[in-house]
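Participant: Here's a sequence, model it:
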Amino acid sequence: MDRFEAMRVFVAVVDAGSFVGASDALPMSRAAVSRHVAELESHLGVRLLNRTTRRLSLTPEGEVFHLRCKEVLTTVDEAEAEITSRSGEAAGLLRINAPFTFGLLHLAPLWAAFMDSHPRVMLDVTLSDRVVDLVDEGFDMAVRIARLPDSSLVSRQIASTRLVLCASPAYLRRHGTPRHPAELADHQVVAYSLFSMGDHWGFTGPDGPVTVKVSPRMRSNNGDTCRTAALRHQGIVLQPSFLVGTDLQAGALVELMPAFKSIELGVYVVYPSRKFISPKVRLMIDFLADAFSMQAWPTQRQREGAGTPRERVTSRGRSS
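Facilitator: Reported below is the predicted structural model:
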């Protein structure tokens, strides 16, 4: 009996919840899957799985053994990744998750250059504003824009962006220009519904922190929708500079109350916490860090005869 192979099959059965599911995942015939598990139980002298016509469940011994098998298999994967990474060979499928709008605006133009440089890597890019579970959902890495909380993931900051309060000139002509965050309570607001701060928008001004409760006329879980509503003169938005920077530079939107700063967010690459990562993941991290090292998203209108005031986007190789 190949004990390592039997352990791999046993873990696949538990993860899939059935012999049929493990057979499809490996791939291997159902008879071979059953044989590996039976031989493993015979070798150990214990039953690992309770079998019924409808479901499988782990015995107490099976729970302990399953945990140990996962640890062994992970260690082997890490050892293989370390050796492979030394060869520098990048190949295989690379699954990436990224926020929808940022992915369209700033990542989509980059993929061709990466694929040209690494023809053996196949990209599978999923855009979603939902925070995915990298391990459970099978992603190799993700790009996230946040004040990143502590987690079991490893992260590297590749850029930063700040939330900018802005509106169209036409809206401001009709409704007036607010001079203090407290005045936002009396204005039409288009709110991004996934903000953790909800309807309590926070700023840091000359005299310290200020929070105001807004009453949105419209909400959306998509930044592009909020931006479009602002461009159509429907209200004030609080959106990241990577999204509204070109509108501000062109004068289609106007930054409000620049003395009152909102949240600054990091643009991070995150990946499962492993000591050794595959060459394709490492190369993509370095590629994105290099691509954004000179990136700047403007927050003010281009002045005739003057340079564009720009917010410097930092690229820091920090892991947490």
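Participant: residue ranges with poor pLDDT in the stretch 51-200 of the chain?
Facilitator: 78-89, 148-152 (pLDDT under 70).
Participant: all helices of it, in order?
Facilitator: Residue ranges of the helices in the stretch 51-200 of the chain, as given by DSSP state H, counting those that start in this stretch, are 60-87, 100-102, 111-117, 134-137, 169-175.
Participant: elements contacting the second one?
Facilitator: By that I understand helix 100-102. If you count contacts as 3 or more C-beta pairs under 8 Å, 6 or more residues apart in numbering; DSSP states H and E, helix 100-102 packs onto helix 223-231, helix 241-250. (Each C-beta comes from the backbone N, C-alpha and C, glycine too.)
Participant: Give me the helices and strands touching the longest one, please.
Facilitator: Helix 241-250 is packed against helix 100-102, strand 153-167, helix 223-231, strand 296-298, with contacts defined by 3+ C-beta pairs under 8 Å, 6+ apart.
Participant: Can you list the buried residues in that helix?
Facilitator: Ser241, Phe242, Leu243, Val244, Gly245, Asp247, Leu248, Gln249 (16 or more other C-beta atoms under 10 Å).
Participant: for the record, mean pLDDT for it?
Facilitator: For helix 241-250, mean pLDDT is 94.
Participant: cool, and the shortest one?
Facilitator: Averaged across helix 223-231, the pLDDT comes to 96.
Participant: Go through that helix and flag the buried ones.
Facilitator: Gly223, Thr225, Cys226, Arg227, Ala229, Ala230, Leu231.
Participant: ok, back up a step: between the buried residues of helix 241-250, which is closest to Val72?
Facilitator: Using C-beta to C-beta, Phe242 is the member of these that sits closest to Val72, with 43.1 Å.
Participant: what's near enough to touch that closest one?
Facilitator: Phe102, Leu105, His106, Thr161, Val267, Trp297 (C-beta atoms under 8 Å, 6 or more residues apart in numbering).
Participant: and Trp111, what does it touch?
Facilitator: Here Trp111 is in contact with Leu123, Val125 (criterion: C-beta under 8 Å, 6+ apart).
Participant: which residues does Ser155 bridge with?
Facilitator: Beta-bridge pairing of Ser155 under DSSP bridges involves Val270.
Participant: Could you measure from Met218 over to Ala113?
Facilitator: Distance of Met218 to Ala113, computed by C-beta to C-beta, to the nearest Å: 37 Å.
Participant: now Arg147
Facilitator: 29 Å.
Participant: Can I get the helices and strands packed on helix 241-250 in CSV including distance to Ser196?
Facilitator: Shown next, in CSV, are the helices and strands packed on helix 241-250 (distance: least, C-beta to C-beta, whole Å):
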stretch, distance to Ser196
helix 100-102, 17
strand 153-167, 12
helix 223-231, 15
strand 296-298, 21
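Participant: Val121 is nearest to which of those?
Facilitator: Nearest of those to Val121, taken as C-beta to C-beta: strand 153-167 at 18.7 Å.
Participant: Mean neighbour count, the helices of the stretch 51-200 of the chain: which tops it?
Facilitator: helix 100-102 (a mean of 20; mean count of other C-beta atoms under 10 Å).
Participant: roughly how far out does that helix sit from the chain middle?
Facilitator: When C-alpha coordinates are averaged (C-alpha atoms, centre = their mean, to the nearest Å), helix 100-102 and its chain have centres 11 Å apart.
Participant: Could you do stretch 133-146 as well?
Facilitator: Distance, centroid of stretch 133-146 to centroid of chain: 5 Å (C-alpha atoms, centre = their mean).
Participant: in that stretch, what's buried?
Facilitator: Those would be Leu134, Phe139, Asp140, Met141, Ala142, Val143, Arg144, Ile145, for stretch 133-146 by 16+ other C-beta under 10 Å.
Participant: what's that stretch in contact with?
Facilitator: When contacts are defined by C-beta under 8 Å, 6+ apart, stretch 133-146 is touched by residues 94-99, 102-103, 107, 126, 131-132, 153, 155, 161, 240, 265-272, 278, 280-281, 284-285, 288.
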